[in-house]
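Engineer: Build me a model from this:
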Amino acid sequence: MNERITWPERVGVWVAQNHDELIIGLLVAIGLVAIMLVLRSIGQRIVAKDPTTHSWRSVIARVLAKTSLAFMIIAAADIVGSYTEPPPRIGRILDVAFVIAAALQAAVWGRELIMGIVGRHAGEGAGETALDNARAVIRVLVSVALFAIAAVVILDNLGVNVTALVAGLGIGGIAIGLAAQGIFSDLFAALAILFDKPFRRGDTIRYNDSTGTVERIGLKTTRLRALSGEQMVMANTKLLDQEIHNLTEAKGRRMTLPFGLIYQTSPELLAKVPDIAKAAVDARKGCTFIRCPLTNFGDWALTYELVYDEKTLDPNIMAGDRSAIMMQLITEFAAQDIEFAYPTQTTFTAAPDGTMIMPYPLHSPAPSRASRKP
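Structural biologist: Below you'll find the predicted structure:
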(Lines give C-alpha, C1' and ligand atoms only; values in the text may rest on other atoms or scores of the structure.)
Protein backbone atom coordinates (compact mmCIF):
# COMPACT_ATOMS: atom_id res chain seq x y z
CA MET A 1 0.00 0.00 0.00
CA ASN A 2 1.47 3.37 -1.11
CA GLU A 3 1.89 6.08 1.46
CA ARG A 4 0.14 9.34 0.68
CA ILE A 5 2.56 12.25 0.14
CA THR A 6 1.65 15.25 2.28
CA TRP A 7 1.62 18.85 1.09
CA PRO A 8 4.76 19.85 3.05
CA GLU A 9 6.58 16.93 1.53
CA ARG A 10 5.55 18.01 -1.96
CA VAL A 11 6.82 21.49 -1.27
CA GLY A 12 10.09 20.05 0.00
CA VAL A 13 10.51 17.97 -3.14
CA TRP A 14 9.70 20.97 -5.35
CA VAL A 15 12.23 23.14 -3.52
CA ALA A 16 14.90 20.45 -3.83
CA GLN A 17 14.26 20.04 -7.54
CA ASN A 18 14.31 23.80 -8.26
CA HIS A 19 16.89 24.87 -5.67
CA ASP A 20 19.16 26.83 -8.02
CA GLU A 21 16.32 28.36 -10.06
CA LEU A 22 14.54 29.36 -6.86
CA ILE A 23 17.59 31.19 -5.55
CA ILE A 24 18.06 33.02 -8.86
CA GLY A 25 14.37 33.95 -9.03
CA LEU A 26 14.37 35.21 -5.43
CA LEU A 27 17.48 37.31 -6.06
CA VAL A 28 15.98 38.84 -9.21
CA ALA A 29 12.65 39.46 -7.48
CA ILE A 30 14.29 41.03 -4.41
CA GLY A 31 16.43 43.25 -6.65
CA LEU A 32 13.41 44.37 -8.69
CA VAL A 33 11.35 45.11 -5.58
CA ALA A 34 14.27 47.02 -4.07
CA ILE A 35 14.63 49.14 -7.23
CA MET A 36 10.90 49.89 -7.33
CA LEU A 37 10.91 50.80 -3.62
CA VAL A 38 13.83 53.19 -4.14
CA LEU A 39 12.16 54.80 -7.17
CA ARG A 40 8.88 55.18 -5.26
CA SER A 41 10.71 56.74 -2.32
CA ILE A 42 12.49 59.20 -4.61
CA GLY A 43 9.21 60.12 -6.28
CA GLN A 44 7.43 60.65 -2.97
CA ARG A 45 10.29 62.83 -1.76
CA ILE A 46 10.20 65.02 -4.89
CA VAL A 47 6.41 65.41 -4.71
CA ALA A 48 6.53 66.24 -0.99
CA LYS A 49 9.24 68.86 -1.55
CA ASP A 50 7.36 70.78 -4.27
CA PRO A 51 3.78 69.50 -4.80
CA THR A 52 2.60 72.39 -7.02
CA THR A 53 5.10 72.35 -9.89
CA HIS A 54 4.41 70.63 -13.21
CA SER A 55 7.89 70.03 -14.62
CA TRP A 56 8.65 66.74 -16.34
CA ARG A 57 10.70 65.76 -13.28
CA SER A 58 7.68 66.33 -11.06
CA VAL A 59 5.36 64.48 -13.47
CA ILE A 60 7.60 61.38 -13.51
CA ALA A 61 7.95 61.61 -9.71
CA ARG A 62 4.15 61.54 -9.30
CA VAL A 63 3.95 58.45 -11.50
CA LEU A 64 6.65 56.63 -9.51
CA ALA A 65 5.11 57.64 -6.18
CA LYS A 66 1.90 55.80 -7.11
CA THR A 67 3.62 52.40 -7.41
CA SER A 68 1.70 49.94 -5.24
CA LEU A 69 3.43 47.61 -2.78
CA ALA A 70 0.94 44.87 -3.69
CA PHE A 71 2.03 45.14 -7.34
CA MET A 72 5.68 44.77 -6.28
CA ILE A 73 4.98 41.64 -4.25
CA ILE A 74 2.86 39.99 -6.96
CA ALA A 75 5.42 40.89 -9.63
CA ALA A 76 8.18 39.37 -7.47
CA ALA A 77 6.16 36.18 -6.96
CA ASP A 78 5.51 35.89 -10.70
CA ILE A 79 9.23 36.33 -11.41
CA VAL A 80 10.06 33.54 -8.99
CA GLY A 81 7.42 31.37 -10.67
CA SER A 82 8.89 32.08 -14.11
CA TYR A 83 12.34 30.83 -13.01
CA THR A 84 10.97 27.65 -11.43
CA GLU A 85 8.33 25.13 -12.45
CA PRO A 86 5.50 25.47 -9.92
CA PRO A 87 2.43 23.21 -10.09
CA PRO A 88 0.14 24.22 -12.99
CA ARG A 89 -2.60 25.51 -10.70
CA ILE A 90 -0.19 27.70 -8.72
CA GLY A 91 1.45 28.94 -11.92
CA ARG A 92 -1.96 29.87 -13.32
CA ILE A 93 -2.85 31.72 -10.12
CA LEU A 94 0.44 33.65 -10.22
CA ASP A 95 -0.11 34.59 -13.89
CA VAL A 96 -3.68 35.76 -13.30
CA ALA A 97 -2.67 37.69 -10.18
CA PHE A 98 0.14 39.40 -12.09
CA VAL A 99 -2.17 40.34 -14.98
CA ILE A 100 -4.71 41.86 -12.57
CA ALA A 101 -2.05 43.75 -10.59
CA ALA A 102 -0.22 44.92 -13.72
CA ALA A 103 -3.43 46.13 -15.42
CA LEU A 104 -4.56 48.08 -12.36
CA GLN A 105 -1.07 49.50 -11.77
CA ALA A 106 -0.77 50.53 -15.43
CA ALA A 107 -4.13 52.33 -15.15
CA VAL A 108 -2.90 54.22 -12.08
CA TRP A 109 0.39 55.13 -13.78
CA GLY A 110 -1.44 56.23 -16.94
CA ARG A 111 -3.85 58.40 -14.96
CA GLU A 112 -1.04 60.15 -13.09
CA LEU A 113 0.94 60.65 -16.30
CA ILE A 114 -2.04 62.14 -18.16
CA MET A 115 -2.96 64.39 -15.22
CA GLY A 116 0.66 65.52 -14.97
CA ILE A 117 0.72 66.42 -18.66
CA VAL A 118 -2.61 68.25 -18.26
CA GLY A 119 -1.24 70.21 -15.32
CA ARG A 120 1.97 70.98 -17.21
CA HIS A 121 0.09 72.39 -20.21
CA ALA A 122 -2.42 74.26 -18.05
CA GLY A 123 0.21 75.98 -15.95
CA GLU A 124 -2.32 78.05 -13.98
CA GLY A 125 -1.70 79.39 -10.52
CA ALA A 126 -3.31 78.03 -7.39
CA GLY A 127 -6.85 79.02 -6.64
CA GLU A 128 -8.14 78.86 -10.21
CA THR A 129 -11.56 77.34 -9.52
CA ALA A 130 -12.34 76.56 -13.14
CA LEU A 131 -9.03 74.80 -13.59
CA ASP A 132 -9.56 72.75 -10.43
CA ASN A 133 -13.02 71.76 -11.67
CA ALA A 134 -11.66 70.90 -15.10
CA ARG A 135 -8.91 68.76 -13.59
CA ALA A 136 -11.46 66.96 -11.44
CA VAL A 137 -13.62 66.21 -14.48
CA ILE A 138 -10.63 65.11 -16.54
CA ARG A 139 -9.43 62.89 -13.70
CA VAL A 140 -12.82 61.17 -13.53
CA LEU A 141 -13.00 60.68 -17.31
CA VAL A 142 -9.43 59.40 -17.53
CA SER A 143 -9.94 57.07 -14.55
CA VAL A 144 -13.12 55.62 -16.02
CA ALA A 145 -11.49 55.07 -19.42
CA LEU A 146 -8.24 53.55 -18.13
CA PHE A 147 -9.84 51.29 -15.52
CA ALA A 148 -12.43 50.17 -18.09
CA ILE A 149 -9.56 49.14 -20.38
CA ALA A 150 -7.87 47.42 -17.42
CA ALA A 151 -11.10 45.53 -16.65
CA VAL A 152 -11.39 44.38 -20.27
CA VAL A 153 -7.78 43.16 -20.24
CA ILE A 154 -8.32 41.29 -16.97
CA LEU A 155 -11.52 39.64 -18.16
CA ASP A 156 -9.90 38.67 -21.44
CA ASN A 157 -7.01 36.97 -19.60
CA LEU A 158 -9.53 35.16 -17.42
CA GLY A 159 -11.05 33.62 -20.52
CA VAL A 160 -14.17 35.77 -20.67
CA ASN A 161 -15.44 36.72 -24.14
CA VAL A 162 -15.21 40.52 -24.05
CA THR A 163 -16.36 41.20 -27.62
CA ALA A 164 -19.95 41.84 -26.61
CA LEU A 165 -18.81 43.94 -23.64
CA VAL A 166 -16.59 46.15 -25.80
CA ALA A 167 -19.37 46.58 -28.37
CA GLY A 168 -21.83 47.48 -25.60
CA LEU A 169 -19.43 50.04 -24.13
CA GLY A 170 -18.95 51.58 -27.57
CA ILE A 171 -22.68 51.87 -28.26
CA GLY A 172 -23.30 53.24 -24.78
CA GLY A 173 -20.56 55.82 -25.21
CA ILE A 174 -22.02 56.97 -28.53
CA ALA A 175 -25.51 57.26 -27.00
CA ILE A 176 -24.22 59.28 -24.05
CA GLY A 177 -22.18 61.49 -26.36
CA LEU A 178 -25.17 62.28 -28.57
CA ALA A 179 -27.45 62.94 -25.58
CA ALA A 180 -24.96 65.29 -23.91
CA GLN A 181 -23.50 66.83 -27.06
CA GLY A 182 -24.09 70.41 -25.95
CA ILE A 183 -22.65 69.83 -22.49
CA PHE A 184 -19.54 68.13 -23.86
CA SER A 185 -19.08 70.90 -26.46
CA ASP A 186 -19.01 73.55 -23.74
CA LEU A 187 -16.81 71.34 -21.55
CA PHE A 188 -14.20 70.87 -24.26
CA ALA A 189 -14.44 74.58 -25.08
CA ALA A 190 -13.71 75.33 -21.40
CA LEU A 191 -10.70 73.01 -21.55
CA ALA A 192 -9.53 74.78 -24.72
CA ILE A 193 -9.80 78.15 -22.93
CA LEU A 194 -7.92 76.89 -19.89
CA PHE A 195 -5.14 75.15 -21.78
CA ASP A 196 -4.76 77.31 -24.90
CA LYS A 197 -5.22 80.50 -22.82
CA PRO A 198 -6.75 82.98 -25.29
CA PHE A 199 -7.64 84.87 -22.11
CA ARG A 200 -7.47 84.34 -18.35
CA ARG A 201 -9.41 85.42 -15.32
CA GLY A 202 -8.93 89.17 -14.85
CA ASP A 203 -8.29 89.90 -18.55
CA THR A 204 -10.40 92.50 -20.34
CA ILE A 205 -11.68 91.16 -23.65
CA ARG A 206 -13.88 92.44 -26.46
CA TYR A 207 -16.04 90.34 -28.77
CA ASN A 208 -18.65 91.66 -31.17
CA ASP A 209 -19.93 94.86 -29.53
CA SER A 210 -19.35 93.67 -25.94
CA THR A 211 -16.39 94.47 -23.69
CA GLY A 212 -15.87 93.09 -20.20
CA THR A 213 -13.45 91.72 -17.63
CA VAL A 214 -13.33 87.93 -17.20
CA GLU A 215 -14.48 87.04 -13.68
CA ARG A 216 -14.85 83.26 -13.90
CA ILE A 217 -14.20 80.55 -16.48
CA GLY A 218 -16.65 77.75 -15.78
CA LEU A 219 -17.06 74.34 -17.34
CA LYS A 220 -20.07 75.49 -19.39
CA THR A 221 -20.08 79.31 -19.32
CA THR A 222 -17.70 82.21 -18.90
CA ARG A 223 -18.79 85.17 -16.78
CA LEU A 224 -17.63 88.69 -17.59
CA ARG A 225 -18.18 92.03 -15.90
CA ALA A 226 -19.18 94.66 -18.44
CA LEU A 227 -17.76 98.18 -18.31
CA SER A 228 -21.23 99.42 -17.42
CA GLY A 229 -21.31 97.14 -14.36
CA GLU A 230 -23.64 94.28 -15.26
CA GLN A 231 -22.52 90.65 -15.49
CA MET A 232 -22.46 88.97 -18.89
CA VAL A 233 -22.74 85.17 -19.16
CA MET A 234 -21.56 83.55 -22.38
CA ALA A 235 -21.51 79.86 -23.34
CA ASN A 236 -17.92 78.73 -23.87
CA THR A 237 -18.63 77.27 -27.31
CA LYS A 238 -20.29 80.46 -28.58
CA LEU A 239 -17.55 82.61 -27.04
CA LEU A 240 -14.80 80.75 -28.88
CA ASP A 241 -16.76 81.12 -32.12
CA GLN A 242 -16.30 84.89 -31.85
CA GLU A 243 -13.27 86.95 -32.80
CA ILE A 244 -11.89 87.80 -29.36
CA HIS A 245 -9.72 90.86 -28.71
CA ASN A 246 -7.68 90.46 -25.50
CA LEU A 247 -7.14 94.05 -24.45
CA THR A 248 -5.04 93.07 -21.43
CA GLU A 249 -2.41 91.41 -23.61
CA ALA A 250 -1.89 94.59 -25.62
CA LYS A 251 1.52 96.22 -25.20
CA GLY A 252 -0.09 99.61 -25.73
CA ARG A 253 -3.19 101.18 -27.12
CA ARG A 254 -3.52 103.23 -30.32
CA MET A 255 -5.97 106.05 -29.84
CA THR A 256 -7.81 108.01 -32.53
CA LEU A 257 -9.29 111.47 -32.02
CA PRO A 258 -11.18 112.87 -35.05
CA PHE A 259 -12.23 116.53 -35.29
CA GLY A 260 -13.28 119.04 -37.93
CA LEU A 261 -12.49 122.67 -38.75
CA ILE A 262 -14.62 125.18 -40.65
CA TYR A 263 -14.03 125.69 -44.37
CA GLN A 264 -13.25 129.36 -43.77
CA THR A 265 -9.97 128.42 -42.03
CA SER A 266 -6.99 129.79 -43.98
CA PRO A 267 -4.38 127.42 -45.47
CA GLU A 268 -1.74 128.93 -43.19
CA LEU A 269 -3.72 128.01 -40.08
CA LEU A 270 -4.56 124.56 -41.47
CA ALA A 271 -0.82 123.89 -41.88
CA LYS A 272 -0.26 124.62 -38.18
CA VAL A 273 -2.79 122.05 -36.97
CA PRO A 274 -0.43 118.97 -37.00
CA ASP A 275 2.20 120.83 -34.98
CA ILE A 276 -0.39 121.99 -32.44
CA ALA A 277 -1.72 118.45 -32.14
CA LYS A 278 1.80 117.04 -31.73
CA ALA A 279 2.57 119.49 -28.94
CA ALA A 280 -0.67 118.56 -27.16
CA VAL A 281 0.17 114.85 -27.31
CA ASP A 282 3.83 115.25 -26.33
CA ALA A 283 2.76 117.17 -23.23
CA ARG A 284 1.25 113.97 -21.81
CA LYS A 285 3.65 111.42 -20.28
CA GLY A 286 3.35 107.99 -21.90
CA CYS A 287 1.71 109.33 -25.09
CA THR A 288 3.47 109.18 -28.46
CA PHE A 289 2.31 111.28 -31.42
CA ILE A 290 1.80 109.30 -34.64
CA ARG A 291 0.08 111.62 -37.13
CA CYS A 292 -2.58 114.25 -37.55
CA PRO A 293 -3.35 114.59 -41.29
CA LEU A 294 -6.16 116.38 -43.09
CA THR A 295 -8.28 113.39 -44.03
CA ASN A 296 -11.35 114.55 -45.93
CA PHE A 297 -13.50 117.34 -47.36
CA GLY A 298 -16.59 116.71 -45.28
CA ASP A 299 -20.10 117.98 -45.88
CA TRP A 300 -19.66 120.74 -43.34
CA ALA A 301 -16.03 120.53 -42.17
CA LEU A 302 -12.43 119.91 -43.08
CA THR A 303 -11.79 116.72 -41.10
CA TYR A 304 -8.60 115.79 -39.26
CA GLU A 305 -7.65 112.55 -37.50
CA LEU A 306 -5.26 112.73 -34.56
CA VAL A 307 -3.59 109.35 -33.91
CA TYR A 308 -1.36 108.67 -30.91
CA ASP A 309 -0.16 105.69 -28.86
CA GLU A 310 -0.77 105.11 -25.16
CA LYS A 311 1.74 103.02 -23.22
CA THR A 312 -0.64 102.43 -20.33
CA LEU A 313 -3.60 100.06 -20.38
CA ASP A 314 -5.36 101.72 -17.44
CA PRO A 315 -8.70 103.03 -18.79
CA ASN A 316 -8.76 105.87 -16.25
CA ILE A 317 -5.33 107.12 -17.29
CA MET A 318 -6.26 106.83 -20.96
CA ALA A 319 -9.44 108.83 -20.37
CA GLY A 320 -7.45 111.48 -18.50
CA ASP A 321 -4.89 111.76 -21.30
CA ARG A 322 -7.59 112.02 -23.95
CA SER A 323 -9.37 114.75 -21.99
CA ALA A 324 -6.13 116.69 -21.43
CA ILE A 325 -5.21 116.50 -25.14
CA MET A 326 -8.66 117.74 -26.14
CA MET A 327 -8.45 120.65 -23.68
CA GLN A 328 -5.01 121.55 -25.02
CA LEU A 329 -6.36 121.57 -28.58
CA ILE A 330 -9.29 123.77 -27.56
CA THR A 331 -6.93 126.22 -25.82
CA GLU A 332 -4.41 126.42 -28.67
CA PHE A 333 -7.07 126.67 -31.38
CA ALA A 334 -8.73 129.53 -29.50
CA ALA A 335 -5.37 131.32 -29.26
CA GLN A 336 -4.73 130.83 -32.99
CA ASP A 337 -8.32 131.81 -33.94
CA ILE A 338 -8.95 128.34 -35.39
CA GLU A 339 -12.60 127.35 -35.17
CA PHE A 340 -14.02 123.88 -34.73
CA ALA A 341 -16.79 123.00 -37.15
CA TYR A 342 -20.21 121.79 -36.19
CA PRO A 343 -22.99 120.55 -38.51
CA THR A 344 -24.15 123.50 -40.61
CA GLN A 345 -26.05 123.94 -43.86
CA THR A 346 -25.76 126.87 -46.32
CA THR A 347 -28.79 127.70 -48.47
CA PHE A 348 -28.32 129.27 -51.92
CA THR A 349 -31.26 131.13 -53.51
CA ALA A 350 -31.85 132.38 -57.04
CA ALA A 351 -33.15 135.77 -58.26
CA PRO A 352 -36.18 135.92 -60.59
CA ASP A 353 -33.81 136.12 -63.52
CA GLY A 354 -32.12 132.87 -62.48
CA THR A 355 -28.89 134.31 -61.11
CA MET A 356 -27.63 132.84 -57.83
CA ILE A 357 -27.89 135.02 -54.75
CA MET A 358 -25.11 134.41 -52.22
CA PRO A 359 -26.04 134.25 -48.55
CA TYR A 360 -23.60 137.09 -47.98
CA PRO A 361 -21.92 139.67 -50.36
CA LEU A 362 -19.09 138.23 -52.39
CA HIS A 363 -16.66 140.98 -51.43
CA SER A 364 -17.64 141.10 -47.78
CA PRO A 365 -15.77 139.16 -45.13
CA ALA A 366 -17.14 135.79 -44.19
CA PRO A 367 -19.83 135.94 -41.54
CA SER A 368 -18.84 135.16 -37.97
CA ARG A 369 -19.95 131.96 -36.28
CA ALA A 370 -22.70 133.84 -34.44
CA SER A 371 -24.25 135.02 -37.71
CA ARG A 372 -24.25 131.55 -39.33
CA LYS A 373 -27.36 129.49 -38.92
CA PRO A 374 -26.96 125.87 -37.91
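Engineer: quick one: Val33 from Glu230, how far?
Structural biologist: For Val33, the distance to Glu230 (C-beta to C-beta, to the nearest Å) stands at 63 Å. From N, CA and C alone the C-beta is placed, and that goes for glycine too.
Engineer: neighbour count winner among those two?
Structural biologist: Val33 (17 against 9; other C-beta atoms under 10 Å).
Engineer: ok, the more buried one touching Ala76?
Structural biologist: Yes. Using C-beta atoms under 8 Å, Val33 is in contact with Ala76, at 5.1 Å.
Engineer: shaky segments in the chain?
Structural biologist: 1-19, 52, 54, 121-134, 165, 169, 172-184, 358-374 (pLDDT under 70).
Engineer: Please enumerate the helices of it.
Structural biologist: Counting by DSSP state H, the chain has helices at residues 7-17, 19-49, 56-65, 69-83, 88-122, 129-157, 163-179, 181-196, 236-240, 267-282, 315-335.
Engineer: what about these, which gets the closest to Asp309?
Structural biologist: helix 267-282 (9.1 Å; C-beta to C-beta).
Engineer: buried sites along the closest one?
Structural biologist: Neighbour-count burial for helix 267-282, counted by 16 or more other C-beta atoms under 10 Å, picks out 269, 273-274, 276-278, 280-281.
Engineer: What is the nearest of those residues to Leu26?
Structural biologist: Val281 (84.5 Å).
Engineer: Wait, the closest one touches Asp275, no?
Structural biologist: No. With contact defined as C-beta under 8 Å, Val281 does not count as touching Asp275 (10.9 Å).
Engineer: And the contacts of stretch 94-108?
Structural biologist: The contact list for stretch 94-108 (C-beta atoms under 8 Å, 6 or more residues apart in numbering) reads 66-68, 70-71, 74-75, 77-78, 81, 86, 143, 146-147, 149-151, 153-154, 157-158.
Engineer: Separate out the buried members of the residues you listed.
Structural biologist: Buried by 16+ other C-beta under 10 Å: 66-68, 71, 74-75, 77-78, 81, 86, 143, 146-147, 149-151, 153-154, 157, out of the contacts of stretch 94-108.
Engineer: Next, count neighbours for the closest residue to Ser143 other than its chain neighbours.
Structural biologist: With C-beta to C-beta, 6 or more residues apart in numbering as the criterion, Ser143 has its nearest non-adjacent residue at 5.6 Å, and that residue is Arg111. Counted with other C-beta under 10 Å, residues neighbouring Arg111 total 19.
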